[in-house]
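>>> Need a 3D model of the sequence below.
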Amino acid sequence: MAGAGKKLRILTWHVHGNYLYYLTKANHDFYIPFTSERAHPYGGRGTTFAFGDNVHEVPAETVRNLDFDVILFQSRANYEQHQYDILSPEQRRLPRVFLEHDPPREHPTDTVHAVTDPSVTVVHVTNFNRLMWDNGAAPARVIEHGVTIPEGVRYQGDIPRGLVAINDLATRGRRLGLDVYQRLQQEVPLDLVGMGSERLGGLGEILPMEFAEFASHYRFMLNPIRYTSLGLAVCEALSIGLPVLGLATCEMPTVVENGVQGYLATDPQQLVSRAQWLLDSPAEASRLSANAREAATRRFGIERFISDWDATFKEVTSNSQAAVGVTS
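Residues are numbered from 1 along each chain as shown. Modelled structure (predicted):
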């Protein structure tokens, strides 16, 4: 096993492509299993993201023969099924981290997390998520999102419309705010992007590497989601400098302050009036834009994100070494 502070060999699955792209900015080697069918979550690197040379795809059937330092689960299926499908018994005793991307679905406050093993560290992506899950005996911590924006991309706001960026909104319903989007679309000019958005008259999927430049031209972003984690698209939009309008639920009230980076409300009709104001007042949108970019740079900087992950990997590997009497 690699000692604490050394470059680690980390096995994980390709569950959330955008998050994996940012996570692999860390100076470690990441191994992504794939099968011949390349069905989720065994798709390997894929072709959508410009992963670095530290991201390696490996045939799922060979995983049990490889050496790793950390196993990083990213879904309940990874933890409850996939580790038993592809890992050896020895690998299943390696330092393990469960990256929880979402708040609980079954019940918002009384759901016990799938990980109850105190030797597995659970990482939540927002404080709201950690608060809502019953984490039991498993050690839980928060690593907030970190994003990067291509050099030179800045808010333009020259398209007097709002941007909504949600994958498969047509099939994800009220939780993701389908009804809110459809209601506001009747009064506010909005463009929907994301996988499957064509079903709702949207513009289709925008490739992740092209999203920042594309989004920079919109006057604002609208986030109609009722209950989910903080979307990376929101973090990216704020980092570009887009003012954000959205529902005042989950982690959003800690990210957007009314009249500073955008506007939040629990009454969608209030968002209509705010959206119309921004459409009529480019100067006000520009003021919010400057605040949004400054706040996002401070909170969602990639350096802080990678530092938090490095500290977590160092801790779990150090604890494992101490448990078996190994010194660095």
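>>> neighbours around the residue nearest to residue 49 when sequence neighbours are not counted, how many?
Among residues not flanking residue 49 along the chain, residue 21 sits closest, at 4.5 Å (CB to CB, 6 or more residues apart in numbering). Just so you know, the C-beta spots here come from the backbone N, C-alpha and C atoms, and that holds for glycine as well. If you count neighbours by other CB atoms under 10 Å, residue 21 ends up with 20.
>>> So residue 21 versus residue 95, what's the distance?
23 Å (CB to CB, to the nearest Å).
>>> how far is the helix or strand where the residue nearest to residue 49 lies from where the chain is centred?
Under the criterion of DSSP states H and E, residue 21 resides in helix 17-23. Mean C-alpha position of helix 17-23 versus that of the full chain (CA atoms, centre = their mean, to the nearest Å) differs by 7 Å.
>>> For it, list every residue counted as buried.
Residues of helix 17-23 classed as buried: 18, 19, 20, 21, 22, 23 (neighbour count, 16 or more other CB atoms under 10 Å).
>>> Tabulate those (JSON lines), appending pLDDT and distance to residue 111.
Below are those laid out as JSON lines (pLDDT from 0 to 100; distance: CB to CB, whole Å):
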{"residue": "18", "pLDDT": "95", "distance to residue 111": "25"}
{"residue": "19", "pLDDT": "97", "distance to residue 111": "22"}
{"residue": "20", "pLDDT": "98", "distance to residue 111": "25"}
{"residue": "21", "pLDDT": "97", "distance to residue 111": "29"}
{"residue": "22", "pLDDT": "98", "distance to residue 111": "27"}
{"residue": "23", "pLDDT": "98", "distance to residue 111": "25"}
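>>> Can you list the low-confidence ranges for the stretch 201-328 of the chain?
For the stretch 201-328 of the chain, residues meeting the criterion pLDDT under 70 lie at 320-328.
>>> what ranges do the helices span in it?
208-215, 232-240, 252-255, 268-280, 282-299, 302-323 (DSSP state H, counting those that start in this stretch).
>>> need these in TSV with distance to residue 170 and mean neighbour count, can you?
What follows is the helices of the stretch 201-328 of the chain, written out as TSV (distance: least, CB to CB, whole Å; neighbours: other CB atoms under 10 Å):
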stretch	distance to residue 170	mean neighbour count
helix 208-215	20	18
helix 232-240	17	26
helix 252-255	22	18
helix 268-280	19	17
helix 282-299	28	17
helix 302-323	31	17
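>>> Kindly indicate whether residue 99 is helix, strand or coil.
Judged by DSSP: H, G, I helix; E, B strand; the rest coil, the three-state class of residue 99 is strand.
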